[in-house]
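*Asks:* Need a 3D model of the sequence below.
(one chain, ligands or ions: 1)
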Amino acid sequence: MKNLGLLTALAVLSVWQLDSLTLERRWLASGALVAYALVLMSALRRVQAGRASAEGGRDYWIAYATETGTARQLAQETRKRLRKAGYRADTLALNALATVEPPDRALLLVVSTTGDGDAPKTGIGWDDERVSACYAGLDFAVLALGDRGYPRFCAFGLEVTQRMQAAGARPLFAPVQVSQADPRMIDVWFRQLLPEQG
Ligand SMILES: Cc1cc2nc3c(=O)[nH]c(=O)nc-3n(C[C@H](O)[C@H](O)[C@H](O)COP(=O)(O)O)c2cc1C
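*Replies:* Next comes the predicted model:
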């Protein structure tokens, strides 16, 4: 990046050494060179950022189990807020958890319930032995989405909580149970997770 800046400065200087160019053309050429360098720098920065996040670990993984998308949206909102606070955070489907390395800080689970207390589609088959072994001793928290109108309120979120505890993971706080995406309870989730964002 530094080299690109130096090269651009040299190229601009050379333009001003060319006696054959009119003043107007010198300004035009310098402007074009600087604009080109800026575009290159921003592309380079994007590539470097992409490489860092592909290679590096995560402070938080946010795993979602959803049938109709609410849990995924809330997982994405959680990622946004964590990143704003400076953490490396990413989302993935709950049943893809076995494909990633455990996070450095905590595993966050945003989990809906469907059917009669059942796992939604991105949660089916999540709990294999590899997952349990990886998460022993790790911090975790659960945002359980459901509807109090159903007899088995937030059943899958509570089941996931129990499985994590049985695997030896440590809850950061009690599972936050949300009925019909109640914004007050969603706020409780964010306040416990990021008290500094208040
Ligand atoms: C067919 C169906 C079955 C549901 N079963 C339950 C249930 O057993 N327990 C519960 O608490 N909520 C239940 N819900 C409510 C959902 O969990 C709730 O609407 C949730 O916000 C949906 O999140 P999602 O969009 O991530 O799938 C059910 C909803 C539907 C449509």
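*Asks:* Kindly report the residues of this structure close to the ligand.
*Replies:* Contacts of the chain with the ligand, taken as Cβ under 6 Å from any ligand atom, map to 66-71, 112-117, 120, 145-147, 150, 152-155, 181. To be clear about C-beta, it is placed using only N, CA and C from the backbone, and glycine gets the same treatment.
*Asks:* Of these, grab the buried ones for PyMOL.
*Replies:* Paste this into PyMOL to select the buried members of the residues of the chain next to the ligand, with burial taken from 16 or more other Cβ atoms under 10 Å:
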select buried, resi 66+67+70+71+112+113+114+117+120+145+146+153+154+155
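*Asks:* Helices of the chain, start to end?
*Replies:* Defined through DSSP state H, the helices belonging to the chain, from first to last, are 2-17, 23-55, 70-84, 129-135, 155-166, 183-193.
*Asks:* okay if I get these as a markdown table plus distance to residue 93?
*Replies:* Formatted as a markdown table, the entries for those read as follows, by distance: least, Cβ to Cβ, whole Å:
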| stretch | distance to residue 93 |
| --- | --- |
| helix 2-17 | 39 |
| helix 23-55 | 18 |
| helix 70-84 | 8 |
| helix 129-135 | 13 |
| helix 155-166 | 13 |
| helix 183-193 | 19 |
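*Asks:* May I see the ones you listed organised as JSON lines, with distance to residue 172 and mean pLDDT added?
*Replies:* Rendered in JSON lines, the data for these read as follows (distance: least, Cβ to Cβ, whole Å; pLDDT from 0 to 100):
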{"stretch": "helix 2-17", "distance to residue 172": "42", "mean pLDDT": "83"}
{"stretch": "helix 23-55", "distance to residue 172": "24", "mean pLDDT": "77"}
{"stretch": "helix 70-84", "distance to residue 172": "13", "mean pLDDT": "98"}
{"stretch": "helix 129-135", "distance to residue 172": "13", "mean pLDDT": "79"}
{"stretch": "helix 155-166", "distance to residue 172": "11", "mean pLDDT": "95"}
{"stretch": "helix 183-193", "distance to residue 172": "7", "mean pLDDT": "98"}
